[in-house]
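J.: Provide a 3D model corresponding to the input given below.
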Amino acid sequence: NKIDWDSIQDERTQMQADRQHSITIDMVIPEIALEADLDSVAGESSQELPDEDSILTPDTVVPEEDQPADTLEISPDLPLTELDASRIKLLLTTTLNLKVHQTGIYRITYEMLRDAGFDLAGVSSTRITLTNRGRELPVYMRAKNTFGPGSYIEFYGQALDTIYTDTNIYTLQLSRLPDTRIPLVDGQPVNGSPSGFYTETLVVNNQRSYANYAPGNDAWYDTEMLAFTTPKTWSFPFQVDGLNVTAPASLELVVWGVTDWPQSPDHHLRVSVNGVSLTQQTFDGLVEQKLKIDLPAGLLQEGTNTLQLTLPGDTGVEAELITLDQFSVMYQRAFQARNGQLTFTAAGSGFKVTNLPGQNVVVYRLEKNHMVKLGRVLVQASGSTFAASFAGTPRTSTYLVTTDEALYSPVFEATRLRANLNQSAQYLIISHP
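T.: Below is the predicted model:
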């Protein structure tokens, strides 16, 4: 049957007209201009947030803020006549999406927002909130009563890890909900020697090709390895730095057996690192195989190392296909920043991060989904670079250390209105970006 495109266009035009008369706002927004100070709304007063000189002590009990929060939405439930048009305009000019594709600390300055057309000058700092997937997230706010020149927001952004995208969407908006802030605590270093090494995990996950027959949850893989009846070896280089050569390490390897012959086993794999044979494994059929291998002290070397995988071709089958999915190397590493940043997980009374290219250093601690910012971090020159010393905790926590210059910046994107799908349709087209 021929598609009646004229009818489709008429329906689309009518839907757009209906939408203009069927918009409501799920959250009540005060009737004010964007430039107005929200402190005056409902007679509320703004509470000044702590600055770098107002720091909580390590003994201060900081409650965890992890409650779900409503987000600003537009839904087609009530006629437009029941709303004030200025409220809708305010919603559209006070909501901004932030696209994040790297995990780490992000900073958004007033000037960045202004240049993007999202000018929050004079807005109460307590009204600025950040949400992700419908939940309000804590942020660190550098501002007095109102947001303006010199003010900034910092938050912990997490990239996605899916087979489709690594981009996560956060939403910055004005809200009447209680604000959630990252507290500033005392991070002044204590006396004593700081920890010397932490456990680094190097993940080599090159998703070069896709296989719809993958036996595991991830259909992307690194390399196919095919051998017949003679041995064949593949080499995979990887880099380690700051290595403690006196400590042992470990290797985790994920491969797939692909070919499936009647005889068993029909796969044979040998594993070596830097030319030293470590283990061999036989298995059968289309299956995901995970190997955990100990690496003796002294085997890894600073700089380039090589993982070698060999198919001996001795299982008696005509051909054998094994796929390398990914591998990880765990080793003891010194607290040395890379490109102005270092993220590590450890327990200890204090830490010292070296090789920082600048003296303006930001430190956050993440423990059980609760984050704090450390104040009074001691930064000292160390040759041509800088070193940052700060207090730790006996509990295992994750620390994020970065110079101002290495802080991440999100990509700004205008918020889109929610489509009205609550009506009949002759055709529905779903597309993938």
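J.: and the helices in the protein?
T.: In the chain, the helices defined using DSSP state H lie at 5-20, 85-93, 110-115.
J.: by mean pLDDT, show me the worst of these.
T.: If the helices of the chain are sorted by mean pLDDT, helix 85-93 sits at the bottom with a mean of 44.
J.: what bits of this structure have low per-residue confidence?
T.: Within the chain, the ranges that satisfy pLDDT under 70 run 1-94, 416-420, 432-433.
J.: just the strands in the stretch 151-300 of the chain please.
T.: Along the stretch 151-300 of the chain, the stretches classed as strands by DSSP state E, counting those that start in this stretch are 152-157, 168-174, 184-186, 197-204, 209-210, 220-221, 223-227, 232-240, 249-257, 267-273, 276-283, 287-295.
J.: what angle sits between the second one and strand 152-157?
T.: Read it as strand 168-174. Between strand 168-174 and strand 152-157, the angle comes out at 150 degrees (axes from the mean of the first three to the mean of the last three Cα atoms, to 10 degrees).
J.: could you list every helix and strand that strand 168-174 packs against?
T.: Helices and strands touching strand 168-174, by 3 or more Cβ pairs under 8 Å, 6 or more residues apart in numbering; DSSP states H and E, are strand 95-100, strand 128-132, strand 152-157. In short, each C-beta sits where N, CA and C put it, glycine included.
J.: one step back: in JSON lines, list the strands of the stretch 151-300 of the chain along with mean neighbour count and distance to Gly313.
T.: JSON lines is the format used below for the strands of the stretch 151-300 of the chain (neighbours: other Cβ atoms under 10 Å; distance: least, Cβ to Cβ, whole Å):
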{"stretch": "strand 152-157", "mean neighbour count": "21", "distance to Gly313": "47"}
{"stretch": "strand 168-174", "mean neighbour count": "20", "distance to Gly313": "45"}
{"stretch": "strand 184-186", "mean neighbour count": "19", "distance to Gly313": "60"}
{"stretch": "strand 197-204", "mean neighbour count": "16", "distance to Gly313": "25"}
{"stretch": "strand 209-210", "mean neighbour count": "12", "distance to Gly313": "23"}
{"stretch": "strand 220-221", "mean neighbour count": "19", "distance to Gly313": "21"}
{"stretch": "strand 223-227", "mean neighbour count": "17", "distance to Gly313": "5"}
{"stretch": "strand 232-240", "mean neighbour count": "14", "distance to Gly313": "7"}
{"stretch": "strand 249-257", "mean neighbour count": "21", "distance to Gly313": "14"}
{"stretch": "strand 267-273", "mean neighbour count": "20", "distance to Gly313": "8"}
{"stretch": "strand 276-283", "mean neighbour count": "14", "distance to Gly313": "13"}
{"stretch": "strand 287-295", "mean neighbour count": "15", "distance to Gly313": "18"}
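J.: out of those, which is closest to Tyr140?
T.: strand 152-157 (4.2 Å; Cβ to Cβ).
J.: all strands for the stretch 301-433 of the chain, in order.
T.: Under DSSP E, counting those that start in this stretch, the stretch 301-433 of the chain gives strands at 303-311, 320-334, 341-356, 361-367, 370-375, 378-382, 385-403, 411-414.
J.: now do the fifth one: distance to the chain's middle.
T.: In terms of Cα atoms, centre = their mean, to the nearest Å, the centre of strand 370-375 is set 17 Å apart from its chain centre.
J.: could I get the buried residue list for that strand?
T.: Neighbour-count burial for strand 370-375 flags His370, Met371, Val372, Lys373, Leu374, Gly375 (criterion: 16 or more other Cβ atoms under 10 Å).
J.: partner strands of it and their direction?
T.: strand 184-186 (parallel), strand 361-367 (antiparallel) (DSSP bridges).
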